[in-house]
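A.B. asks: have a look at this fold, sequence not included:
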């Protein structure tokens, strides 16, 4: 029987790979399913946000009452810090400069810095702290605060903190100090910070990033001054927010709103400390992602100073009389200053850069600081100036560094 070649059933094909229109149909169906899943996720997210808003409004008063109760329970005692034998208030700004730099280096949340300073002050209210351990306590407070409320991938390690301290402390010292701080505070870490109250105040109005950044800048300036250590975070947040809105010419909150119930005396005190803030803070808030609010404050202060000079100058005085009459006006606007670090020669021990040793048996008074550098001219503030407000200015002293553990 002869072999007969039959006609192929599906016709002639030059390749084993056959194109089919079915692939396009399957791809369109997969794309439609993915689009439907994305729409479902967006709907679920919107529903969750709505439920969160409704629940927050329902329990808003209870949350606020609990936060105000906790801020009263976790406030440091200034009188106990006053009786410390070695650490003094003039050392605190230098330690805070270090904490601000470490906080910015690890890109931690704003509330972490406020919580770390609160833990530091609460520990110093209950324990005797030696001068050589002051920086170690600050590092332990920052580590606890980061573990408590910050992102896990940004929590600093002991090795990183040790490197920032120039290896002045051993690894075990960080662990022991962290445990000792927690034991001293009875493991009560939670504290309603200024940032927590600020977020509640900002939730009542449309979001404004510049107002938020300027409020945080003012609140962090307040960390450097003794008179605000005993101020409740809720009062400080509302007062700093009112001052920030005044500087940026924003509309103030209604007096009936929670954010509108600020303390005029606290606003006045905050405005008196806007001049010559910490150089570390000024650098930090000069960046664009923080709206360059430190430069905004400088421009505002210069503008207010010019207005004050024009208002105090006589209409048409002779040239000699102008110079004689403007001098007392400038002196009448003398304001307090934040102490700045002096430029010392760096001491090198074991190949590591360390801060100079604190001078012993030396008296640094406010009068000496006033003579060493001229005081700035400060303008009018949002509230009337009362002489009584200047009686409680913090007595910071100059010309000293922390002495870490050798």
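C.D. replies: Structure received. The structure displayed is predicted, hence computed values, not measured ones.
A.B. asks: tally of neighbours for the closest residue to residue 89 other than its chain neighbours?
C.D. replies: The shortest distance from residue 89 to any residue other than its chain neighbours is 5.3 Å, reached at residue 226 (Cβ to Cβ, 6 or more residues apart in numbering). Every C-beta, even on glycine, is put in place using the N, C-alpha and C of the backbone. Residues lying near residue 226 (other Cβ atoms under 10 Å) number 17.
A.B. asks: how about residue 211?
C.D. replies: 22.
A.B. asks: repeat for residue 117
C.D. replies: Around residue 117 there are 28 residues (other Cβ under 10 Å).
A.B. asks: can I assume it is in contact with residue 142?
C.D. replies: No. Using Cβ atoms under 8 Å as the test, residue 117 is too far from residue 142 to be in contact (9.0 Å).
A.B. asks: any shared contact partners between these two?
C.D. replies: residue 99 (Cβ atoms under 8 Å, 6 or more residues apart in numbering).
A.B. asks: do me a favour and average the pLDDT over stretch 44-59.
C.D. replies: When pLDDT is averaged over stretch 44-59, the result is 80.
A.B. asks: and residue 192, what element?
C.D. replies: Under the assignment given by DSSP states H and E, residue 192 is not contained in any helix or strand.
A.B. asks: tell me the secondary structure at the nearest residue to it once chain neighbours are set aside.
C.D. replies: In space, and not counting its chain neighbours, residue 192 is closest to residue 67: 4.2 Å by Cβ to Cβ, 6+ apart. Of the three states, residue 67 takes helix under DSSP: H, G, I helix; E, B strand; the rest coil.
A.B. asks: let me see the contact set for residue 67.
C.D. replies: Per Cβ under 8 Å, 6+ apart, neighbours of residue 67: 192, 196-197, 234.
A.B. asks: does the residue nearest to residue 89 touch residue 90 like I think?
C.D. replies: No. Using Cβ under 8 Å, residue 226 is not in contact with residue 90; the gap is 9.8 Å.
A.B. asks: need the longest helix for the chain.
C.D. replies: helix 22-58 (DSSP state H).
A.B. asks: which other helices and strands does that helix contact?
C.D. replies: Under the contact criterion of 3 or more Cβ pairs under 8 Å, 6 or more residues apart in numbering; DSSP states H and E, helix 22-58 touches no helix or strand at all.
A.B. asks: could you shift the numbering so residue one becomes 46, and keep it that way?
C.D. replies: I'll keep to 46 as the first residue from here, and by that count the last item is helix 67-103.
A.B. asks: emit the PyMOL select command for whichever of the contacts of residue 112 are buried.
C.D. replies: Listed next is the PyMOL selection for buried residues among the contacts of residue 112, using 16 or more other Cβ atoms under 10 Å:
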select buried, resi 237+241+242+279
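A.B. asks: ok, the contacts of residue 112 vs residue 211, which is closest?
C.D. replies: Closest approach to residue 211 among the contacts of residue 112 (Cβ to Cβ): residue 241, at 33.6 Å.
A.B. asks: beyond the host helix or strand of the closest one, next helix or strand please.
C.D. replies: Taking DSSP H and E as the criterion, residue 241 maps to helix 239-247. Scanning forward in sequence from helix 239-247 by DSSP H and E, the next helix or strand is helix 254-267.
A.B. asks: quick check: residue 286 vs residue 87, distance?
C.D. replies: 33 Å (Cβ to Cβ, to the nearest Å).
A.B. asks: so those two - more neighbours on which side?
C.D. replies: Neighbour count, other Cβ under 10 Å: between residue 286 and residue 87, residue 286 has more, with 29 against 10.
A.B. asks: name the SS class of the more buried one, please.
C.D. replies: Applying three-state DSSP: residue 286 is helix.
A.B. asks: what's the angle between the host helix or strand of residue 348 and helix 254-267?
C.D. replies: Here residue 348 is covered by helix 338-357, with elements defined by DSSP H and E. Orientation of helix 338-357 against helix 254-267 (axes from the mean of the first three to the mean of the last three Cα atoms, to 10 degrees) gives an angle of 80 degrees.
A.B. asks: who are the packing partners of helix 338-357?
C.D. replies: So helix 338-357, by 3+ Cβ pairs under 8 Å, 6+ apart, packs with helix 254-267, helix 278-292, helix 324-329, helix 364-377.
A.B. asks: thank you, goodbye.
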